[in-house]
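Trainee: The amino acid sequence is not available; the structure is as follows:
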């Protein structure tokens, strides 16, 4: 169990990246949704002890991660949003290096662990290739492989699917889902679909604050019967948007579709819509957490 | 074009706003200020003379390589590091515009920082309090000229190499390596030719000519063109863009252009997609997915993690081609150094490739390249994770920061070891290839301590700077300052060795005494610097960049957390250790080493002259006998000395006071003079003043007893003195006994120095020869009775007869006594020695040498005997029937030293020469010269005055020519003369004073050795051997013995007396009182029928202050025609009228070459134009 209490972080330029974030994250996949600049990566780095917090406390299974960061890192697997590798080093050698850094003694056991992760991330056939020559998806899979070495009990993955093609993204989702059965996995993303597919719980973060938290079902349930949609021309939709708080507008098949939040239909042009997680996300972001 | 202009303008604006630009300008400007303030350049040239301006800016352009490295790396790598390539090249910007524009921007920035240095050079002489006499009028064209000829071409070359390296590789380390390669290219060239910039010996002319073209910075071409320039020319002439200077500039500009053109090819893919290959599509491994059963996680010790990281980092460094390139450069450098040193014995002979030679030649290049490697790879190792953006992954692991830091550092520290190992391997291979297979592991292994430990400490500092300083370029500049400080702190005004990081007492190696007393001093400084390095590492540990917030404020805030309580304890321990080491070391160093700056040294000598010069004119008694006992404690490197001197007043005047000089090295000195009391003690100058009561009457004698200690133990900051050492103790009379009277040799010689310290008149060494007869005293000769107690396994060799040999108290004692009075310069050697002796014609030659250095001993003995046989009939019999030649350790500061009856010969100057090589019989020449001093110096010992050294050294040069001619024929002498002429011409260009004539030569060795040799050879050709021999015999008759007062005027007079014609007389006078230099040219060689027509012209420089001009009047020049074997076919003389003339000589089918002035009758500034091929019609 990961407990985050009143976490704050301000940068020297005065920007408050986190404003009293508190979360309780149980075992399983936990989604952290938020737009760019919401403070997700700052929170991830703090959880990885790469960034000192301004104030607040984080405990993992009861242990204060700031009091003994090295002990925390022994249980941590971390995949940052972007990372590099040593040029020319094979996946096998580089994973072995990380395994050593993670304190894995016993060369045979280490080798077994490395090979397991290579198989698990489907990099076995390319294990002797330089990681620097991998494609984006392979590199991300390598990233998760290194994160999973040494059997972490907390896995922090920051925007892992950005830039991946659908096939790689699908493969990655399966991998995360498999991991999430055993340990705490925090998935930071701005892609609602990722969270919808994977996470049993999530939090929505905006401007450094948690604006919503719960299971996807609970967040969506709060909108039941209150989401209305309509389609029309740009001009029509602009007029309709004045009638109720807008959740989202998007073009669909050459027409503009609008979804709004209201207790009853704002006009006959609207028809009731089945709420989904995107509605919950936009409601939280745009309407100040009114879900 | 507008896009190109925009790129250049952007690059320029960007570069000049970066800290690296300010730091570069500051560094180069600072160097320029130091150059001006310290009076960089030849003493005779003005600080702002065209010569010094060109030299200074040339060197600054070399230093600018480092700055340009930063500029080029920033320009070429910025886009990649900041991921701007795709945005940038999505605009209409072409790769060509980018390439050319960025490079020109770099070049502009490089020129700007160098221009800052030029401005400092220009203004410095007027604002930095420089001696006004060394400052001339401001001549802006000189600076523009230097910028145009030297700086701009150099920077074009450097910036093109570095920019292309950076652009094509998209790698910072490769760019650094480009900088190293450029430096290496320069230094290798400099080392090959022993460039004057390295303050080495005179280079061979052909090597210098080669280097003049190959040196990428043009400095060798500069030195080649200006090598014989006189001070007047240096102050007024601008360098000519012709000859090899023109070739050099064109060649390297062409190389730069070629690099730029070839560097442009296929550039787009490299800039946009560096190091990427098309990925292979991943293949699903169906059926092999596994649940996370996971391997058992067993804890790994920090030590094991450290070892793993060290190995990995080392593998990454060694596996990269960049280190391979450094290694290749290093191996080439070592090879060239060793091979060129082997070929650097005097007069073109080769040295034997001994282990000591290999070590000696490797030390300096290793110090240089080791620091460069430390500098660059420290940056690589510290920044690799961050620049590669893998640091987040690594920082999130539980591996402790200190373990990771130490792992990286260890990899860095191993690099100097690898450099040394490969260098030694190279040296060993060269030795083996030359047939020298004595592998001395006992000598080589300690080098890993003496040579690599300072480099490791430097690497620690370079590493710490990269950790601590937020910007890696600034950290690198800081590292350069630390490197300069450690290698030569005086350049930055830091004299005390404890303030110069990683400065160590040097450890020259000799076969006699290994590393001598240095190990203890070295270990003491190792303790000091290790403590400092430990503190640096502690700071690095605390400030190690971890995570994403790496501002200095955050890192300082995190310091206590990073180091923890253990770090606190280590810090306290290190501080205690630092203080304790400083408290112990500083006084220990102060006891043995002084750090006076030049000014205080000169002030001390000036004060000596002011205080005591009056004593020079007072009558003082002569030391006629000395009985000295030296008790050597070699384990402690101490010599206890006591003795008695017998003084006789043979001046004809009563002596009421006397000045006694205590040896400078003496401690606990006591001096007691019968009948005299001490009235003044001056420890600052080592002087005692004693007063006789009553005065010592003419003919009376007095006894002076003395004792003192020479202690070479303790901790030394510089190379410990080697006079008293484990094996090879050599003590000279100046250290063994007090001297009487004033010591003129301590006076300041340079007129400028004298004037600055208000000393009036010339130094006494400039006593006019005509005033010698009236000057007091003469050189007192003495009888010597010397006893030396030494280690039982050692022998003592001294002058005179070994009259007793006994053992006492675990020591071997030797007593030598001279049978007659000798000149008062004497000494002995104590060492493990082997003796070989040869007798012939009543003369015995004993050669004492290191047991392993016997290869040349028979030749040395034979050369000595032959010299005696050649010279005795002309100069008279030797006073002794025994002549000892003694090998002394290589650290002796002379080529050879002739004492009365004994010649000291350093190991590298003859005993280890490869006698089978070289155009000159080096051993015969050297031995002949030193044997000749038994007459010229020890039979005729002229009083100190102008020209007195002509009687000693020029006549010894004459004698060596006689010996060489007798053994190898007259043609062999011509080989010697080429070197002697070069020595003279190069020497006079370095001379601080206006060149004196031979008759007034005093401290100018290039005059009495170089021109003296030419003079005697020419006069023998003109006057004839018999006439010159008669003159020399007359000189010996006139001036031999302790009361002899022969002067150069006597020699001139005797030679004039032998001159049979007015032309001969004029020639004698010209050699003694003239300073004419010639440029004789063979303008055309034409075969006409059965004759060869030679057109000859000559330019003449009447004295160094005047320019060369057409020779007026009549001049005779000899000419010879030679066959392919360089044998003379026919000889003739050309009579030049008005500076030109022709001659017809008979032609034969074997004639291939015509040579003017083959016997060096004229001093010719350029002999390359004296020859011409004879081409048949």
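Mentor: Done, it's in. These numbers come from a predicted model, not from an experiment. Numbering: from 1, shown residues only, chains lettered A, B, ... in the order given.
Trainee: any idea how far residue B:310 is from residue B:255?
Mentor: Using Cβ to Cβ, to the nearest Å, residue B:310 is found at 40 Å from residue B:255. (Glycine included, C-beta is placed from N, CA and C.)
Trainee: of the two, who's got more company?
Mentor: For residue B:310 versus residue B:255, neighbours defined as other Cβ atoms under 10 Å in any protein chain shown are more numerous around residue B:310 (20 against 15).
Trainee: And the residue of the stretch 51-200 of chain B found nearest chain A, how far from residue B:72?
Mentor: In the stretch 51-200 of chain B, the residue that lies nearest chain A is residue B:171 (9.0 Å; Cβ to the nearest Cβ). Using Cβ to Cβ, residue B:171 is found at 12 Å from residue B:72.
Trainee: what about the two, which has more around it?
Mentor: residue B:72 (29 against 22).
Trainee: right, and the more buried one touches residue B:106 too?
Mentor: Yes: judged on Cβ atoms under 8 Å, residue B:72 makes contact with residue B:106 at a distance of 5.3 Å.
Trainee: Overlap of the contact sets of the two?
Mentor: Taking Cβ atoms under 8 Å, 6 or more residues apart in numbering or on different chains as the contact rule, residue B:72 and residue B:106 both touch B:159, B:162, B:163.
Trainee: check contacts around the second one.
Mentor: Contact analysis of residue B:162 by Cβ under 8 Å, 6+ apart lists B:65, B:68, B:69, B:72, B:73, B:106, B:175, B:178, B:179, B:182.
Trainee: Against residue B:262, how distant is the residue lying closest to the fifth one once chain neighbours are set aside?
Mentor: Using Cβ to Cβ, 6 or more residues apart in numbering or on different chains and skipping residues adjacent in sequence, the residue nearest residue B:73 is residue B:175, 4.2 Å away. For residue B:175, the distance to residue B:262 equals 17 Å [Cβ to Cβ].
Trainee: of the two, who's got more company?
Mentor: A direct count of neighbours by other Cβ under 10 Å for residue B:175 and residue B:262 places residue B:175 higher, at 30 against 10.
Trainee: so which strand or helix has that one?
Mentor: helix B:172-193 (DSSP states H and E).
Trainee: ok so, going back, in strands, which of the shared contacts of residue B:72 and residue B:106 appear?
Mentor: Of the shared contacts of residue B:72 and residue B:106, none are assigned to strands by DSSP state E.
Trainee: Kindly present those residues as TSV, with separate columns for distance to residue B:1018.
Mentor: Shown next, in TSV, are the shared contacts of residue B:72 and residue B:106 (distance: Cβ to Cβ, whole Å):
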residue	distance to residue B:1018
B:159	52
B:162	53
B:163	56
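Trainee: Pick the one among those closest to residue B:7.
Mentor: residue B:163 (13.0 Å; Cβ to Cβ).
Trainee: which ones are touching the closest one?
Mentor: Contacts of residue B:163 (Cβ under 8 Å, 6+ apart): B:72, B:75, B:76, B:102, B:103, B:106, B:263.
Trainee: which is the next helix or strand following the helix holding residue B:175?
Mentor: Following helix B:172-193 in sequence, per DSSP H and E, is helix B:205-214.
Trainee: List the buried residues in that following helix.
Mentor: Across helix B:205-214, burial judged by 16 or more other Cβ atoms under 10 Å in any protein chain shown covers B:205, B:207, B:208, B:209, B:210, B:211, B:212, B:213, B:214.
Trainee: Report the angle between that helix and helix B:172-193.
Mentor: Angle, helix B:205-214 to helix B:172-193, by axes from the mean of the first three to the mean of the last three Cα atoms, to 10 degrees: 150 degrees.
Trainee: what's downstream of helix B:205-214, the next helix or strand?
Mentor: helix B:219-226.
Trainee: counting contacts, what elements does the very next helix or strand once past that next one pack onto?
Mentor: Per DSSP H and E, the first helix or strand lying C-terminal to helix B:219-226 is helix B:231-236. Here helix B:231-236 touches helix B:50-81, helix B:971-990, going by 3 or more Cβ pairs under 8 Å, 6 or more residues apart in numbering or on different chains; DSSP states H and E.
Trainee: Take those and write them to TSV, including distance to residue B:878 and mean pLDDT.
Mentor: Formatted as TSV, the helices and strands packed on helix B:231-236 follow (distance: least, Cβ to Cβ, whole Å; pLDDT from 0 to 100):
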stretch	distance to residue B:878	mean pLDDT
helix B:50-81	48	89
helix B:971-990	24	87
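Trainee: Please identify the deepest-packed of those helices.
Mentor: helix B:50-81 (a mean of 24; mean count of other Cβ atoms under 10 Å in any protein chain shown).
Trainee: could you check the angle helix B:971-990 makes with that helix?
Mentor: Orientation of helix B:50-81 against helix B:971-990 (the same axes, to 10 degrees) gives an angle of 80 degrees.
Trainee: starting at the chain centroid, how far to helix B:50-81?
Mentor: 26 Å (Cα atoms, centre = their mean, to the nearest Å).
Trainee: about what we covered before: turn the contacts of residue B:163 into CSV, including distance to residue B:1010.
Mentor: As requested, these are exported to CSV (distance: Cβ to Cβ, whole Å):
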residue, distance to residue B:1010
B:72, 46
B:75, 51
B:76, 51
B:102, 53
B:103, 48
B:106, 47
B:263, 48
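Trainee: Now do the helix or strand containing residue B:540: distance to the chain's middle.
Mentor: In this structure, residue B:540 sits in helix B:518-543 according to DSSP H and E. For helix B:518-543, the separation from the chain centroid amounts to 29 Å (computed by Cα atoms, centre = their mean).
Trainee: for it, packing partners?
Mentor: Packed next to helix B:518-543, using 3+ Cβ pairs under 8 Å, 6+ apart, are helix B:401-433, helix B:441-450, helix B:452-468, helix B:552-592.
Trainee: Can you give me the buried ones in it?
Mentor: Quick answer for helix B:518-543 (16+ other Cβ under 10 Å): B:518-519, B:521-522, B:524-526, B:528-543.
Trainee: what's the answer for stretch B:442-461, then?
Mentor: B:443-444, B:446-447, B:450-461.
Trainee: Show the end-to-end separation of that stretch, please.
Mentor: Start-to-end span of stretch B:442-461 (Cα to Cα, to the nearest Å) is 30 Å.
Trainee: Residue B:632: what secondary structure?
Mentor: Using DSSP: H, G, I helix; E, B strand; the rest coil, the structure places residue B:632 in strand.
Trainee: residues in contact with the residue lying closest to it once chain neighbours are set aside?
Mentor: Nearest non-adjacent residue to residue B:632, counting by Cβ to Cβ, 6+ apart: residue B:790, 4.8 Å away. Residues in contact with residue B:790 (Cβ under 8 Å, 6+ apart) are B:632, B:634, B:729, B:796, B:811, B:812, B:813, B:814, B:830.
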